[in-house]
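Student: Return atomic coordinates for the entry below.
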Amino acid sequence: MADVFISYARSTAKEAHQVAEALRRLGYGVWLDDELPAHRSYTQVIEEQLSSSKAVVVVWSAEAVKSEWVQSEADQARASHKLVQLAIDGAKLPLPFDRIQCADLAGWTGDYEAPGWRKVLASVADLTGGPGRPPPGLEAQLQLPTKPSIAVLPFANLSGDPEQEYFADGMVVEITDALSRFKSIFVIASTSALTFKGRPIGAQEAGRQLGVRYVLEGSVRKAANRVRIAVQLVDAADGAQIWTHRFDDTLDDVFDLQDKVAISVAAVIEPKVQQAEIRRASKRPTENMDSYDLYLRALPLCHAWKAAEVFKALDMLDRAVALDPDFGPAMAQAALCHAYAFGSGWSKDPERHRRLGLELARRAIAVGSEDAEMLALVANAMMQLEQDLDAPVTLIDRAMILNPGSSRVWYFSGILEVALGEPELAVQHFEMAMRLDPLSRMYIGRSMFTGIARFQQARFADAFALLKDIIEQTRSPLAPAFLAATCGHLGQIVEGRHALSRHQEVSAAPIETRARWGRPEHRKLFLDGIALAEGRTPS
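Tutor: Numbering: from 1, shown residues only. Predicted structure coming up:
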């Protein structure tokens with residue numbers, strides 16, 4: 001039997017289901033009359049559920065006050081001292097219910113902090129014996145943010161050409177990035193949303209897993225030099241379609257299409273978005289489609305952490321920049337690839353990669369000073385290419401001002417705090433990045449750098465759990481290096497030697513080069529741990 005029985009009039013089914021879903025997210029068992037079994041008496045089931053429930057939530061509306069069914073259910077609940085009332089349209093309650101406390105939920109959109117909803121929750125918790133606990137499998141459900149929230153789900157590729165999948169994914173990334181610049185909207189990063197690619201999952205379930213109120217679904221049909229983008233905005237609470245539109249244009253102006261989609265969706269969700277933010281969201285990364293195509297193809301190779309793939313990505317990015325010398329994101333990504341090559345010892349001429357990486361980073365800043373994620377990417381590259389962290393700090397601060405809703409900005413900011421030796425602040429920034437991008441493969445990087453932060457705090461058991469979990473999932477040399485140092489301090493010599501071997505496998509650079517992270521005391525802690533893992537006495 002359910003904890004909560006919900007009584008409502010048929011015209012307010014949408015609002016009743018919204019209340020039910022919000023309670024279920026908190027772990028309460030909820031029953032509505034649309035769950036009636038086909039083989040049993042309607043009245044008998046209603047009576048059983050009313051009697052067995054611990055709380056009865058009555059959704060009052062103009063129709064509900066005229067309904068004999070709703071009044072009868074409310075009467076029984078009042079007599080059993082388990083009545084919880086809420087009103088959604090200001091209708092005058094009938095006697096004697098107008099003398100009983102009633103929460104005002106007129107215009108409620110699912111905000112858990114709304115005073116009326118908090119009043120409902122307090123009553124339900126009191127009647128049921130305490131706040132609900134998420135049932136097995138629902139622990140990861142996320143509370144809706146207080147401001148409008150959205151995720152752009154993977155677009156369907158209707159071109160009939162599997163090679164165009166990257167183009168459809170690129171549209172999702174670009175539209176998400178444009179939307180994330182609106183500070184009045186909470187936007188889930190595309191890396192989380194794209195995890196739903198190829199999965200038969202509905203808008204409501206996707207919204208539940210991502211913790212957002214709205215989802216944008218769409219399709220891309222690309223043929224010759226034309227593209228058609230069809231989109232629909234869906235309320236994830238009930239699956240209702242709020243808005244749909246189709247955009248047609250030539251590929252010569254695909255960014256104009258992205259701008260139109262992003263701005264139209266934002267206008268539907270939040271009409272009060274500032275015009276200055278709209279102008280910023282409309283900025284195009286490049287006018288050259290061949291350059292953009294190379295950039296999209298290079299992105300997955302950049303994150304492979306393998307020499308061959310990274311060098312192949314560098315070749316594509318160099319060609320992209322040659323076609324458009326002002327394409328900032330391509331320059332920033334190339335700078336990061338040079339940083340990988342420099343730090344991993346993949347080249348016989350690391351100084352060349354350092355020089356080229358810094359040159360590209362400075363060029364990217366010159367052309368993209370208003371692009372938050374690009375500035376954060378450049379800051380990450382510069383962190384690895386030079387010892388002085390003043391420039392990365394300035395860039396991250398600027399990126400945070402430009403777009404505090406970007407998960408990547410928070411992620412790179414967390415990495416910078418680790419480099420600065422501020423582990424507590426770093427962990428907070430990684431947690432914020434995870435909330436904005438809960439399903440992304442970026443969790444590997446977050447786990448790795450959170451593990452390094454815990455190492456800096458000498459919380460070796462926590463560091464070991466995080467680093468051990470992801471060491472085989474990444475080719476970053478930092479994971480095995482810090483795992484080895486952690487094992488040294490924990491006295492786990494066998495595991496430490498395995499981590500040392502893993503470091504040699506993924507990097508040609510000496511493990512001691514990883515000691516540059518953090519403050520002097522953190523560097524000594526690392527070197528001492530490596531010595532212990534190698535069976536040496538720390539100096």
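Student: Within its local environment, how many residues does Glu47 see?
Tutor: When counting by other CB atoms under 10 Å, one arrives at 13 neighbours for Glu47. For glycine as for every other residue, the C-beta is placed from the backbone atoms N, C-alpha and C.
Student: Secondary structure element for it, which one?
Tutor: Element membership for Glu47, per DSSP states H and E: helix 42-52.
Student: what packs against that helix?
Tutor: Using 3 or more CB pairs under 8 Å, 6 or more residues apart in numbering; DSSP states H and E as the contact test, the elements touching helix 42-52 are helix 68-79.
Student: got the angle between the helix it packs on and helix 42-52?
Tutor: Angle, helix 68-79 to helix 42-52, by axes from the mean of the first three to the mean of the last three CA atoms, to 10 degrees: 20 degrees.
Student: Would you mark the buried spots in helix 68-79?
Tutor: 70-71, 73-74, 76-78 (16 or more other CB atoms under 10 Å).
Student: Could you double-check that Val227 lies in contact with Leu257?
Tutor: Yes. Taking CB atoms under 8 Å as the definition, Val227 is a contact partner of Leu257 at 6.8 Å.
Student: quick one: common contacting residues for the two?
Tutor: Asp249 (CB atoms under 8 Å, 6 or more residues apart in numbering).
Student: Looking at Trp31 now. What's its pLDDT?
Tutor: Residue-level confidence at Trp31 comes out at 85, pLDDT.
Student: For it, give me the backbone phi and psi.
Tutor: For Trp31, the backbone dihedrals (degrees, to the nearest 10) come out as phi -130, psi 130.
Student: Show me how the chain divides into domains.
Tutor: 4-128, 149-281, 289-463, 464-539 (automatic domain parsing).
Student: Would you list the phi and psi of Ile415?
Tutor: Dihedral angles (degrees, to the nearest 10) for Ile415: phi -60, psi -40.
Student: List the buried residues for stretch 290-297?
Tutor: Neighbour counts over stretch 290-297 (16+ other CB under 10 Å) mark 291-297 as buried.
Student: Over to stretch 224-231?
Tutor: Those would be 227-231, for stretch 224-231 by 16+ other CB under 10 Å.
Student: quick one: it to chain centroid distance?
Tutor: Its chain's C-alpha centre and that of stretch 224-231 lie 27 Å apart, by CA atoms, centre = their mean, to the nearest Å.
Student: same question for that stretch, mean pLDDT?
Tutor: Mean per-residue pLDDT for stretch 224-231: 82.
Student: now stretch 165-183
Tutor: 78.
Student: Export only the CA atoms of that stretch, formatted as CSV.
Tutor: The C-alpha coordinates for stretch 165-183 follow below in CSV (Å, rounded to 0.1, in the frame of the first residue of the first chain):
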residue,chain,number,x,y,z
GLU,A,165,26.6,11.1,-36.9
TYR,A,166,29.4,13.5,-35.9
PHE,A,167,27.5,16.3,-37.5
ALA,A,168,24.3,15.6,-35.5
ASP,A,169,26.3,15.3,-32.3
GLY,A,170,28.1,18.6,-33.2
MET,A,171,24.7,20.3,-33.4
VAL,A,172,23.8,19.1,-29.9
VAL,A,173,27.1,20.4,-28.5
GLU,A,174,26.9,23.8,-30.2
ILE,A,175,23.2,24.4,-29.2
THR,A,176,24.0,23.3,-25.6
ASP,A,177,27.0,25.6,-25.5
ALA,A,178,24.9,28.5,-26.8
LEU,A,179,22.1,27.9,-24.2
SER,A,180,24.6,27.6,-21.4
ARG,A,181,25.6,31.2,-21.9
PHE,A,182,22.2,32.3,-20.6
LYS,A,183,22.9,32.7,-16.9
